[in-house]
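*Asks:* Need the 3D shape of this:
(chains A and B)
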There are 2 protein chains.
Amino acid sequence: MCDFDFGPLEAAYDYDAIKAAISRDILRSRKRRMWRYRELLPIDGEPTIGTQVGFTPLVRADRLAKKLGVRTLWIKNDTVNYPTLSFKDRVVSVALNRAKELGFTTVACASTGNLANSVAANAASAGLKSYVLIPADLEQGKVLGSLVYGTNVIGIHGAYDQVNRLCSEIAGKYGWGFVNVNLRPYYAEGSKTMGFEICDQLDWRIPRHTVVPMASGSLLTKIHKSYNELIKVGIVDSTPFSVHGAQATGCAPISHAMKRGTDIVKPVPKPETIVKSLAIGTPADGYYAIHAMRDTGGSCEDASDAEVVEGIQWLAEYAGIFAETAGGVTVASAKKLIESGKIPHDEEVVLCITGHGLKTQEAVVGKCGEPRLIKPSLREFEEQIYAKDTAAA
Amino acid sequence: MCDFDFGPLEAAYDYDAIKAAISRDILRSRKRRMWRYRELLPIDGEPTIGTQVGFTPLVRADRLAKKLGVRTLWIKNDTVNYPTLSFKDRVVSVALNRAKELGFTTVACASTGNLANSVAANAASAGLKSYVLIPADLEQGKVLGSLVYGTNVIGIHGAYDQVNRLCSEIAGKYGWGFVNVNLRPYYAEGSKTMGFEICDQLDWRIPRHTVVPMASGSLLTKIHKSYNELIKVGIVDSTPFSVHGAQATGCAPISHAMKRGTDIVKPVPKPETIVKSLAIGTPADGYYAIHAMRDTGGSCEDASDAEVVEGIQWLAEYAGIFAETAGGVTVASAKKLIESGKIPHDEEVVLCITGHGLKTQEAVVGKCGEPRLIKPSLREFEEQIYAKDTAAA
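*Replies:* Just a heads-up that it's a prediction; the model follows:
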C-alpha cells in the first residue's frame, strides 16, 4: 500500500511486482505516449481510447529563465497535448478506458472547460454518448471546444462547486460514468503521467522544483505521487525535490491555507478571477496538496488577474508558448517564489503548463497591442512602420 | 539532382550519399521530432530553433472512415503541432535555423495567419526580432496568436497576394529574412517532414492515397517529393501512391485548372471564402502541384463554405479532432473524392489536417448548437434535460 493512499477509493498497486517487471530500458522501448507507464495506471487491459495522448514536449526555456532570474527553467508543455490541448486528456483517457471496461455507454463530467473539451472529444472518437456540465459563463473557446464534438453541453447558472454537486446527484441516480465523480479514482491517476514524463524527459531524474497550478489540488498531489512512485519502483534515485502550488488570488483557498500555516482549507464561496479553469472554491484535494507541498519543502503562491496576464505574456514573449490563464498563474507564481528565494536562483525548476491560450482569448484580447494597419504599399510601410521603428530603436 | 528540382532555388541533395548514411534503424534510433530526417533538410548544423517540432500523431479514425465510406482512414494531426498548432511550425523551424546560420537578426513573413503565429512564436523563443504581415481581416485567434508573442503585426488592407507582393519589395530592400520570400527554398523543404513522418508512422510504407489542402500548393508538392525521396534513399519500397489536392471553392485556382485539364492556373483576384488560410489567388506552386497530382493519378476537389463547416463537424464528431477551416476543406474534399470513386472505397487514405479549430472559431460559432442552460438543480436537470433526451432517444 502506498504512502499516498488517501482512502478506500485510491487505486492500489503492487510496487514490488512492478519494480521487478519494469526497468528504464523496458520503459524506453515503448512508444512515447502516456501509456508507457501503464503498470502504474489503473486500467486492466490495453488502452483503446486516447492511445496517442501525452509525451508533450519538455522545453528548456533559457530566455524565460533569465527573465525570472533562475538558473534552469523547463516548461512541461501540455498546451499541445493530443487531442484537446490540455493535461485533461491524460485523466480522461484513463477514465474512459476504465468506463469502457466497466460497461458504461454514457460518460459525463463537471468541468470548468478543459475537462469538458476532453470528454467530448475522446467520447466522440470512441463512439460513446456524452454530457458535459459547465458553469454557464465559460469562455467561448471552451464552450465551442465542447459543442463541436456533438456532445450535450449543459450550462449551469452557478459556480463550479454547484455544478459539481449537481453531478454527484446525477451520478448517484443514473448509470452514467462521470469521469470526475464516480470514476474519479481512475481519472485522478492519469495526472501522474505528467510527472512520469518529466522525469523520463530529464533522463530519469526528479527535478529539484516543480510548480503546479491548483484547482482541486489533484494535479499537484498526483505529480508528487508520481515522483515517489518512480523512486519506489527503482526507476529514479531518491533526490531532494520540492513541489510548489500556484493559484489565482481571486480563488486561492489552498494558497491562503498554506500562508496561514494550516491544512484546513476555507472554501471560497464566490470565486472572482479571470482564471475560470482554476476557480474551484471547495478544492477536493486541497488537504492532500498542502501536505504534499509541506512534506517536500514546497511553497505556494497566488497571482492577481493583472499578474496572470503578464505571466501569459512573459511565457509567450520569452519562451514562444501561448498558454491559457492557468499558465499565467503558474508563471506569475513561479516569479514570486523565485523572488522570495523559496525557489533559489541557482537551482532548476519545471513549470507545468496545462492548457492552450486559444481557449481563453478573452483574458488577453486588447492587452497585447493591436495590428498596425497600412495599405499594401511599400511607401506606407516605409513611412508608417519602418521609419518609426528605426527611429524608436 | 532530383526529379523535382524546379529551379535554381531548390535545395539539392546527394541522395547516394544519404542512402549510404541512413537506414530505418538509424532513423528510428533518433528522437521522434521532424529533425529525425535531417539529412533530407537544408540546414548545415544541428538545429537550435524548433527542436521539438513535429511527430504529431497519425490517428486511425475508424468511425470517420465508416462515415466517409472508405476502408481505412488516417488523420495526420498537425492541429497539435508544437508550438503553434499548425504544420507551419515545420517550415518555420527550417527557415529560422537557416536564417540564423545566414546571420539574419530580423525575420518576417507574409501570412494568412498560421505562418505568422509560427514565426512570432519561434522568433520569440530564439530571441529574434520579427515582423508578420497579414491581411487586415483575419480571424481573431490568428491575430491574437501572433500579437501575444510580442511580434510586430502589420495588417494590410488587401488580399494575401497583395501582402505577398509587398513583402517581396521589402525583402528586396532591407536585410530581413522573410521565411517565405528570400528564405523560401529552405522554408518549403520543411513541409516534407509531414510526408516522412506519415511513412515512418505507417512502419515505413507510403499510403495509397493522401489528401492535402492547397493554398500555394507547396505542401502538396513537398509531400509528393518526400515520398519519392524516401524511395530514392531506400527507406520505403516504391509502391503505387496518389496525392490528391483540396481547395475552398471560393478560391480554387488549382482545383479549377485540374478540372479543366490544364496546368495553367488562372488567378482568383478576389477570394471569397471563410477559409482564409487557403485564400491565395495566385498560388506560387500551383503548376507543380498539378503535375504532382497528375503524375501520381491523383485528383482534386474543392468545398463550399457550408461543406467546409460540415467537414469540420464530421472530423470532430467522428474522430474527436477539432480542425480549422482548412481541415474542413480536406475532409469535405475527401468525401467527394471517395463518392466519385477517385479514392476507391476499399483502399486506404491519409488526410493531412494542418491547423487547429480554435484559430478559426468564427467559422463554426452558432453552427454546432448552443449549451442548454439550467439552474443547479437535479429537478431542472431531470425535467429539462434527462426527460427530454430520454423521450427523444
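*Asks:* what about residue A:381, neighbour count?
*Replies:* Residues within reach of residue A:381, counting by other C-beta atoms under 10 Å in any protein chain shown, total 24. Glycine gets a C-beta too; all of them are placed from N, C-alpha and C.
*Asks:* if I read this right, residue A:81 contacts residue A:55, doesn't it?
*Replies:* No - Residue A:81 is not in contact with residue A:55 according to C-beta atoms under 8 Å; the separation is 9.1 Å.
*Asks:* Could you check which of the two has the larger neighbour count?
*Replies:* Neighbour count, other C-beta under 10 Å: between residue A:81 and residue A:55, residue A:81 has more, with 26 against 21.
*Asks:* Not counting its neighbours along the chain, what's nearest residue A:349?
*Replies:* residue A:209 (4.1 Å; C-beta to C-beta, 6 or more residues apart in numbering or on different chains).
*Asks:* Let me know the secondary structure of residue A:212.
*Replies:* For residue A:212, the assignment made with DSSP: H, G, I helix; E, B strand; the rest coil gives strand.
*Asks:* near chain B, which residues of the stretch 101-250 of chain A show up?
*Replies:* When proximity is defined by C-beta under 8 Å from any C-beta of the partner chain, the stretch 101-250 of chain A lies next to chain B at A:120-127, A:131, A:134, A:136, A:140-141, A:143-145, A:147-150, A:152-158, A:162-163, A:165-166, A:169-170, A:173-174.
*Asks:* Mind checking which of those residues are buried?
*Replies:* A:120-126, A:131, A:134, A:136, A:141, A:143-145, A:147-150, A:152-156, A:158, A:162-163, A:165-166, A:169-170 (16 or more other C-beta atoms under 10 Å in any protein chain shown).
*Asks:* Out of those, which sit inside helices?
*Replies:* Judged by DSSP state H, helices contain the following of those: A:120-126, A:141, A:143-145, A:147, A:162-163, A:165-166, A:169-170.
*Asks:* At which residues are the strands of the stretch 251-393 of chain A located?
*Replies:* A:300-303, A:348-353, A:372-374 (DSSP state E, counting those that start in this stretch).
*Asks:* List the buried residues in the shortest one.
*Replies:* Along strand A:372-374, the positions that meet the burial threshold by neighbour count (16+ other C-beta under 10 Å) are residue A:374.
*Asks:* Check which helices and strands that strand is in contact with.
*Replies:* Other elements packing on strand A:372-374 under the criterion 3 or more C-beta pairs under 8 Å, 6 or more residues apart in numbering or on different chains; DSSP states H and E are strand B:152-156.
*Asks:* and the residue nearest to the spatial centre of chain A, what does it touch?
*Replies:* The centre of chain A sits closest to residue A:354, judged by C-alpha atoms, centre = their mean, with a distance of 3.6 Å. With contact set as C-beta atoms under 8 Å, 6 or more residues apart in numbering or on different chains, residue A:354 has these partners: A:78-79, A:86-87, A:114, A:213, A:219, A:277, A:323-324, A:326-327, A:330.
*Asks:* Out of those residues, which comes closest to chain B?
*Replies:* Chain B has its nearest neighbour among the contacts of residue A:354 in residue A:79, at 7.7 Å by C-beta to the nearest C-beta.
*Asks:* any idea what sits nearest the closest one, other than its immediate chain neighbours?
*Replies:* Closest residue in space to residue A:79, ignoring its immediate chain neighbours: residue A:356 at 4.1 Å, by C-beta to C-beta, 6+ apart.
*Asks:* What of residue A:123?
*Replies:* Using C-beta to C-beta, 6+ apart, the closest residue to residue A:123 is residue A:130 (3.8 Å).
*Asks:* any idea how far that neighbour is from residue A:151?
*Replies:* Applying C-beta to C-beta, to the nearest Å, the value for residue A:130 to residue A:151 is 4 Å.
*Asks:* Go through stretch A:233-242 and flag the buried ones.
*Replies:* Of the residues in stretch A:233-242, A:233, A:235, A:236, A:241, A:242 count as buried by neighbour count, 16+ other C-beta under 10 Å.
*Asks:* Now the residue of the stretch 101-250 of chain A at minimum distance from chain B. Nearest residue, chain neighbours left out?
*Replies:* Residue of the stretch 101-250 of chain A nearest chain B, by C-beta to the nearest C-beta: residue A:125 (3.2 Å). Closest residue to residue A:125 apart from its sequence neighbours, by C-beta to C-beta, 6+ apart: residue B:320 at 3.2 Å.
*Asks:* before we move on, what about residue A:188?
*Replies:* Of all residues not flanking residue A:188 in the chain, residue A:218 sits nearest, at 5.2 Å (C-beta to C-beta, 6+ apart).
*Asks:* same thing with residue A:143?
*Replies:* Closest residue in space to residue A:143, ignoring its immediate chain neighbours: residue B:371 at 6.2 Å, by C-beta to C-beta, 6+ apart.
*Asks:* Which residues of the stretch 251-393 of chain A lie near chain B?
*Replies:* A:312-313, A:316-322, A:356-359, A:361, A:364-365, A:368-378, A:381, A:385-386, A:389.
*Asks:* So how do I select the buried members of the residues you listed in ChimeraX?
*Replies:* Burial among these is assessed by 16+ other C-beta under 10 Å; the matching ChimeraX selection reads:
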select /A:312,313,316,317,318,319,320,321,322,356,357,358,359,361,364,368,371,374,376,377,378,381,385,386
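*Asks:* what about residue A:361, distance to residue A:223?
*Replies:* Note on residue A:361: its distance to residue A:223, by C-beta to C-beta, is 28 Å.
*Asks:* no no, residue A:243
*Replies:* As judged by C-beta to C-beta, residue A:243 and residue A:223 stand 6 Å apart.
*Asks:* try residue A:61
*Replies:* 19 Å.
*Asks:* Comparing those two, which shows the higher neighbour count?
*Replies:* residue A:223 (25 against 21).
*Asks:* host element of that one?
*Replies:* Residue A:223 belongs to helix A:218-232 when assigned by DSSP states H and E.
*Asks:* isn't residue A:378 right up against residue B:166?
*Replies:* Yes - using C-beta under 8 Å, residue A:378 is in contact with residue B:166, at 6.4 Å.
*Asks:* shared neighbours, those two?
*Replies:* Common neighbours of residue A:378 and residue B:166, counting by C-beta under 8 Å, 6+ apart, are absent.
*Asks:* helices and strands of chain A: which one has the lowest mean pLDDT?
*Replies:* Counting by mean pLDDT, DSSP states H and E, the weakest-scoring helix or strand in chain A turns out to be helix A:387-392, with a mean of 91.
*Asks:* which residues are in contact with that one?
*Replies:* Looking at what lies outside helix A:387-392 - C-beta under 8 Å, 6+ apart - the contacts are residue B:152.
*Asks:* CA atoms only: put that helix into PDB for me.
*Replies:* This file holds the C-alpha atoms of helix A:387-392, laid out as PDB (Å, rounded to 0.1, in the frame of the first residue of the first chain):
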ATOM      1  CA  ALA A 387      10.900  54.700 -40.300                       C
ATOM      2  CA  LYS A 388       9.100  54.900 -37.000                       C
ATOM      3  CA  ASP A 389      10.500  51.600 -35.700                       C
ATOM      4  CA  THR A 390      14.100  52.500 -36.800                       C
ATOM      5  CA  ALA A 391      13.800  55.900 -35.100                       C
ATOM      6  CA  ALA A 392      12.400  54.200 -31.900                       C
END
